[in-house]
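In: dropping a prediction and its sequence here:
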Amino acid sequence: MFEAATPLERKRYYREEWDVRKLPDFIARNIHMREFGFDHTGRGPSDRYRVFDDEKRLSRFMRARFPFAAYSSVAFYREPGKRRGWQRSELIFDVDAKDLPVRSCDCEGVCERCLDEARELVLMMVDTLRGDLGLGDVHVVYSGRGYHIRVLDPGVMELGSEVRAEILRYTAGARQPRRKFTHSGESYEMEHFSIPLGYHRVFIERARHVFLHMRGDERIENVTARTVRDVVRNRELLLEDRWGEFKRRIGPRVYQRLVAGVAGINMKMVDAKVTIDLKRILRLPTSLHSKVSMICMEVKNPETFDPLKSAVPKFVHERE
Ligand SMILES: [Zn+2]
C-alpha cells in the first residue's frame, strides 16, 4: 500500500478499470471550458494547455497515454487552450495529510490515521461552508494523500483572491477570535469559548482539533515547549468542553499567546496557495495518484468514507 505505480500498472488501470463515465458531473458538464494538464514522467505537470471538447476525447487520450498524473483547471475559460477569457473559478480548499502541521502520528508520508485526521478537518470545514456561509454545490474529493473541497456555488465563483483568502481564514479558524467588547461605554472581555456561535464556534472546534491531535513536540509561535506539554496533559478537559478550567491550568496570560499561536497553525492546516490561485490545475477525480497508487475520487459521503476500502485500484490487490 502507498507504493508508486509502475507504467504497466498505470496502463492496466486506465485500460481496464478507469471509466470516463465516473467523472463527477461538476467536471463533465463543462469539460470544454477547462484547461487540462498532465504529468507523464513523475516530475510535474509539464504537458499543459490541453483541451477536450467532450468526454470521449479525454477517454481516448487517457487510454493511449496512461499519464503519471492528470489535472484540470479550477477555472473556466472562453479559450482554455490559451488560458484566455477567464470566466470563473471553483473555490478550493486543499487539506494534504502529509503537510498537516499538527497530526497525531509521526509517519514519514501518510497513513490511515493521518488521512482520517485530514478527513475530520474536512468534515468540519464543509459544515462551516454549508452552515455558516450558506454555500451550496460543495464537493469533497479524495486526492490520494488528502482531500480537496471544491465549491461551485455561483455566489463564490467570480470572487477574486482576496475575498477567497478571507473565506479561508473564517473556515480554517485562522483568525484570533475577538475578545474585547464594549457595552454602554464600558469595555469588557469575553473568551472565545464563552460565545459558542458563528466564528467563535468555528474557532473552538478547530482549536480543539489541534489540541487533541498534538504529539507534544510541536512548536507554536510565542509559546514555550512547556506550555505545549501542559496542553497535552490537560486536553481531556476539552472533550467535556471545560475550556475555563483548561485555561486556568494553562495560565490565563499564557493562554492568550496560545490562542494566537493556534490561529497561526489553523492557517497552515490548509494550503492557502491553492485557495487564492484562480488558475490552478487540480488533480482530476477518477485519475490515478501514481506516487501512492490511490485513486483520486469524489467522496459522496465523507462521514463514512474510507480510502483504503474505496480508493485502492485493483492492481494493488494483485501485487505480490
Ligand atoms: Zn501517519
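Out: Ah, there it is.
In: list, one by one, the residues from this protein near the ion.
Out: Within the chain, the positions near the ion by C-beta under 5 Å from the ion are 105, 107, 111, 113-114. Using the backbone N, CA and C atoms, a C-beta is placed for each residue, glycine as well.
In: and the two most separated of those?
Out: The span of the residues of the chain next to the ion, defined through C-beta to C-beta, is set by 107 and 113 at 7.7 Å.
In: one step back: just the buried members of the residues of the chain next to the ion?
Out: Buried subset of the residues of the chain next to the ion (neighbour count, 16 or more other C-beta atoms under 10 Å): residue 114.
In: save the residues of the chain next to the ion as a markdown table, and put in secondary structure too.
Out: Listed next are the residues of the chain next to the ion as a markdown table, based on DSSP: H, G, I helix; E, B strand; the rest coil:
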| residue | secondary structure |
| --- | --- |
| 105 | coil |
| 107 | coil |
| 111 | coil |
| 113 | helix |
| 114 | helix |
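In: just curious, which of the residues of the chain next to the ion is nearest to residue 17?
Out: residue 111 (24.0 Å).
In: how about the closest one: what's its closest non-neighbour residue?
Out: Counting by C-beta to C-beta, 6 or more residues apart in numbering, residue 105 is the residue found nearest to residue 111 once chain neighbours are left out, at 6.4 Å.
In: show me what contacts residue 18?
Out: Residue 18 makes contact with 62-63, 286-288, according to C-beta atoms under 8 Å, 6 or more residues apart in numbering.
In: weed out the non-buried ones from those.
Out: In those, burial by neighbour count holds for 62, 286-288, counting by 16+ other C-beta under 10 Å.
In: the contacts of residue 18 in strands, which ones?
Out: The strands, defined by DSSP state E, take in residue 288 from the contacts of residue 18.
In: closest one of the contacts of residue 18 to the ion?
Out: For the contacts of residue 18, the residue nearest the ion by C-beta to the ion is residue 288; the value is 21.5 Å.
In: ok, the closest one to residue 67 distance?
Out: 8 Å (C-beta to C-beta, to the nearest Å).
In: with residue 82 instead?
Out: To residue 67, residue 82 is 22 Å away according to C-beta to C-beta.
In: neighbour-wise, which of the two wins?
Out: Higher neighbour count among residue 82 and residue 67: residue 67, with 24 against 11, using other C-beta atoms under 10 Å.
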